[in-house]
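S.K.: Have a look; sequence and predicted model below, questions after that.
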Amino acid sequence: MNVDTGQRFDRETIIQLSQSQQEPDWMLQRRLRAWDRIGQLPFPKPEKTRIDRWNFTDFQPVQEEEGLASPEELPEELRSYISGDETDNLFIQKNSSPIFCRLSRELLAQGVLFMDLPTAVRDHGELVQKYFMTDGIQPEEQKLTALHAAWVSGGIFLYVPKDVTVETPFQVLFWAKGKGIGTFPHLLVVAEAGSDVNVVANYISDPDTEAVINGATEVFAGDNSRVRIASLHTQGQGVTEAAYRRTVVGRDADLKWIVGDLNSGKTLSDNTTHMKGSGGNARIKGITVGSGDQRSNITSTVYHWGTHTESDMTVRGVMKDQAQTILNGITKIEKGARKANGVQAEKVLMLSEEARGDANPILLIDENDVQAGHAASVGRIDPIQMFYLMSRGLTRQEAERLLIFGFVGPILETIPFESLRERITSVIERKLG
C-alpha cells in the first residue's frame with residue numbers, strides 16, 4: 001500500500017532500504033512504524049513562514065556512492081572544510097552513503113566508538129537502540145520527523161565512554177551532490193558521565209545540486225560531561241533543508257552549541273535543548289546570513305526541567321537583497337525547575353529596503369523561583385555610523401563590512417575552533433559580496 005506523502009515510493013521500498021543496510025528487525029520495525037504514520041501527521045507550521053510550497057517529498061531513491069581511500073580524493077573545495085592535516089576521527093558521507101570513516105587507535109583502545117550508523121546498528125544494536133530517536137527526536141512529532149525516521153540512510157554514531165576526554169574535535173562532513181536527490185543524514189552523539197568531547201559537523205552541497213535534505217542531530221550529554229558541538233550548513237541555492245537538532249543535558253553537564261545556518265536555499269532549522277539534570281548549563285549561539293530571495297526560519301528552544309539549570313541563547317541574522325528570515329527563541333521553565341535561569345537574545349540586521357527579518361522571543365514560565373530574560377531587535381544599518389566611518393576614509397563597502405562583522409562578532413568570538421571561525425567568516429564574506 002502506498003502512503004499519501006507526495007512521494008513516489010511505497011512500504012516495500014523502505015524494506016529494501018533496510019535490507020540493503022543489513023539492519024536488525026528492531027530497526028526495520030521502527031522504519032515501518034514511522035512510514036505508516038506519515039500520512040496521518042501534519043507538516044510542521046513554523047511561525048510566520050509558509051512552507052506549503054517547499055519541496056520536502058519529491059526526490060530520487062537512495063543511490064550507492066563509491067568509498068574513498070583517503071580524504072585527499074575529495075575535491076579541493078571540500079577538503080578546505082577538513083581542519084588540519086590529521087585525518088583521524090573523520091567521517092565523510094556523500095549523499096546517502098558513508099564513503100570514509102577513521103578513528104585513531106588510541107581512542108579505539110579507550111572504548112570510543114565512531115562509525116557509520118548502519119554498522120553501529122548491526123554491531124552495537126542495544127546501545128544505539130537506547131538513544132536513536134527515543135528521548136531526542138520523536139518520529140511522531142510531525143511529518144518531516146517521521147519521514148526522517150523512515151528514510152534515514154548512512155549517518156554517524158559517536159560514543160564517548162565515562163570519564164574519557166578527547167581534545168581533538170571529531171570532524172563530520174555530509175556532502176550532497178546531484179539533481180533531484182534526497183538525503184537523510186543523522187548524527188548521534190552520546191557522551192557518558194564525566195566525558196569531554198568536541199564535534200564539528202559540516203553540511204555542504206555542490207553549487208548546482210538540487211536536493212531535499214532532511215537531517216537530524218541527537219546529542220546526549222551525560223552527568224558532569226562537557227560537550228561542544230558546532231554545525232555549519234552551507235547548502236546551495238537549489239537545496240531545501242530541514243535540520244532538526246535535539247540535545248538532552250544531564251546533571252552538572254556543560255553544553256555549548258554553535259549553529260551556522262548559512263545556506264543559499266530554503267532553510268527550516270529547529271534546535272531544541274532539554275535541561276533534564278540539575279545544575280546543567282547550555283549556551284546556544286546561532287548565526288544566519290541570507291541573500292538573493294532566500295527564505296529561512298530559525299527556531300531555538302530550551303526546556304528547563306532540572307533545578308539550578310542555566311541557558312543562554314544568542315542568535316544573529318543578516319539579510320540582504322530580498323532575503324527573509326524569522327528568528328524564534330523559546331525558553332520554557334517547567335514546574336519544579338527551581339532556581340533556573342534562562343536568557344535569550346535575537347537580532348536581525350537588514351541591508352536593503354527589500355530584505356525582511358523578524359525576531360520573536362518567548363518566555364514560558366511555570367515556576368516562581370526562577371530568573372528569565374529576553375531581548376530582540378530588527379533594524380537597518382545606522383546611517384550615522386556609516387557616515388562617521390566613511391568620513392574617516394573608509395569606502396561604503398568597507399564601512400558596511402565593519403558594521404556587519406561588529407554585529408555578528410558576539411557569535412564569532414565564542415567559537416572555540418579557529419578553523420571553523422575562519423570558515424564561517426569566509427562564507428559570510430562570500431554571501432555578502
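M.R.: In hand now; what should we look at?
S.K.: distance of Asp135 from Ser300?
M.R.: 19 Å (C-beta to C-beta, to the nearest Å). C-beta coordinates here come from the backbone N, C-alpha and C atoms, glycine included.
S.K.: Looking at those two, which has the bigger crowd around it?
M.R.: With neighbours defined as other C-beta atoms under 10 Å, Asp135 and Ser300 compare such that Ser300 has more, 26 against 14.
S.K.: mean confidence score for the top helix by length along the chain?
M.R.: The helix of greatest length in the chain, counted in residues with DSSP state H as the criterion, is given as helix 396-412. Mean per-residue pLDDT for helix 396-412: 91.
S.K.: Can you spell out which helices and strands pack onto it?
M.R.: For helix 396-412, the elements it packs on are strand 281-290, strand 310-319, strand 341-350, helix 383-391, helix 418-432, judged by 3 or more C-beta pairs under 8 Å, 6 or more residues apart in numbering; DSSP states H and E.
S.K.: Using CSV, lay out those together with mean neighbour count.
M.R.: Formatted as CSV, the helices and strands packed on helix 396-412 follow (neighbours: other C-beta atoms under 10 Å):
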stretch, mean neighbour count
strand 281-290, 24
strand 310-319, 24
strand 341-350, 22
helix 383-391, 12
helix 418-432, 17
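S.K.: contact partners of stretch 397-415?
M.R.: Contacts to stretch 397-415, defined as C-beta atoms under 8 Å, 6 or more residues apart in numbering, come from residues 230, 256, 258, 283, 285-287, 314-316, 318, 347, 349, 351, 381-382, 385-386, 389-390, 394, 421, 424-425, 428-429, 432.
S.K.: rerun at 6 Å
M.R.: Contacts made with stretch 397-415 from outside it, assessed by C-beta atoms under 6 Å, 6 or more residues apart in numbering, are listed as Ile258, Lys285, Ile287, Arg316, Val318, Leu349, Ile381, Met386, Leu389, Met390, Arg421.
S.K.: Tell me which two in those are the farthest apart.
M.R.: Within the contacts of stretch 397-415, Ile258 and Met390 form the most distant pair, 32.7 Å apart (C-beta to C-beta).
S.K.: Only alpha carbons, please: show stretch 144-151 as CSV.
M.R.: Backbone C-alpha positions of stretch 144-151 (Å, rounded to 0.1, in the frame of the first residue of the first chain) are rendered in CSV as follows:
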residue,chain,number,x,y,z
LEU,A,144,9.2,15.6,8.4
THR,A,145,10.5,13.7,11.5
ALA,A,146,8.5,10.7,10.5
LEU,A,147,10.0,10.9,7.0
HIS,A,148,13.4,11.0,8.5
ALA,A,149,12.8,8.0,10.7
ALA,A,150,11.6,6.0,7.8
TRP,A,151,14.3,7.1,5.3
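S.K.: got the contact list for that stretch?
M.R.: Counting by C-beta under 6 Å, 6+ apart, stretch 144-151 makes contact with 14, 31, 34-35, 37-38, 41, 133, 137, 139, 184, 214, 216, 242, all of which sit outside it.
S.K.: For it, what is the distance to the chain centroid?
M.R.: 16 Å (C-alpha atoms, centre = their mean, to the nearest Å).
S.K.: Now do the contacts for Thr273.
M.R.: The contact partners of Thr273, taken as C-beta under 6 Å, 6+ apart, are Thr247, Ala282, Val302.
S.K.: what about the first one, which SS state?
M.R.: Per DSSP: H, G, I helix; E, B strand; the rest coil, the secondary structure class of Thr247 is strand.
S.K.: Number of residues surrounding it?
M.R.: If you count neighbours by other C-beta under 10 Å, Thr247 ends up with 25.
S.K.: Look at it and report its pLDDT.
M.R.: According to the model, Thr247 scores 98 on pLDDT.
S.K.: Now do the helices in the chain.
M.R.: Going by DSSP H, the chain shows helices at 11-20, 25-38, 76-79, 105-109, 117-123, 125-131, 143-151, 383-391, 396-412, 418-432.
S.K.: quick one, which of these is nearest to Asn360?
M.R.: Nearest to Asn360 among these is helix 396-412 (18.5 Å), distances taken as C-beta to C-beta.
S.K.: Per-residue pLDDT of Val3, please?
M.R.: Val3 carries a pLDDT score of 42 in this model.
S.K.: ok so, going back, quick check, nearest of the contacts of Thr273 to Ile333?
M.R.: Minimum separation from Ile333 among these (C-beta to C-beta) is found for Val302, which lies at 9.0 Å.
S.K.: Pull the contacting residues for the closest one.
M.R.: Each residue near Val302 by C-beta under 6 Å, 6+ apart is listed here: Thr273, Ser311, Thr331, Gly342.
S.K.: Apart from its chain neighbours, what residue comes closest to it?
M.R.: Spatial nearest neighbour of Val302, excluding adjacent residues (C-beta to C-beta, 6 or more residues apart in numbering): Ser311 at 4.2 Å.
S.K.: didn't that neighbour look like it was pressed against Ala282?
M.R.: Yes. Using C-beta atoms under 6 Å, Ser311 and Ala282 qualify as a contacting pair, with a distance of 4.6 Å.
S.K.: Tell me which of the helices and strands packed on helix 396-412 approaches Thr168 most closely.
M.R.: Among the helices and strands packed on helix 396-412, helix 418-432 comes nearest to Thr168, with 11.9 Å by C-beta to C-beta.
S.K.: which residues touch that closest one?
M.R.: By C-beta under 6 Å, 6+ apart, the list of residues contacting helix 418-432 reads Ser83, Val200, Ala230, Thr234, Gly260, Leu262, Val289, Ser291, Leu412, Ile415.
S.K.: now, the most widely separated pair of the residues you listed?
M.R.: Ser83 and Ser291 (26.0 Å).
S.K.: what about the closest residue in space to Gly182 that isn't next to it in sequence, distance to Gln16?
M.R.: Across the structure, with C-beta to C-beta, 6+ apart as the measure, the residue nearest Gly182 apart from its sequence neighbours is Phe59 (2.8 Å). Applying C-beta to C-beta, the value for Phe59 to Gln16 is 16 Å.
S.K.: which of those two has more neighbours?
M.R.: Shown here are Phe59 and Gln16; by other C-beta under 10 Å, Phe59 has more neighbours (22 against 13).
S.K.: Just grab the bridge partners of the nearest residue to Thr267 once chain neighbours are set aside for me.
M.R.: If you skip the residues right next to it in sequence, Thr267 has Ser296 as its closest partner in space, 4.0 Å away by C-beta to C-beta, 6+ apart. On the basis of DSSP bridges, Ser296 takes part in beta bridges with Thr267, Thr325.
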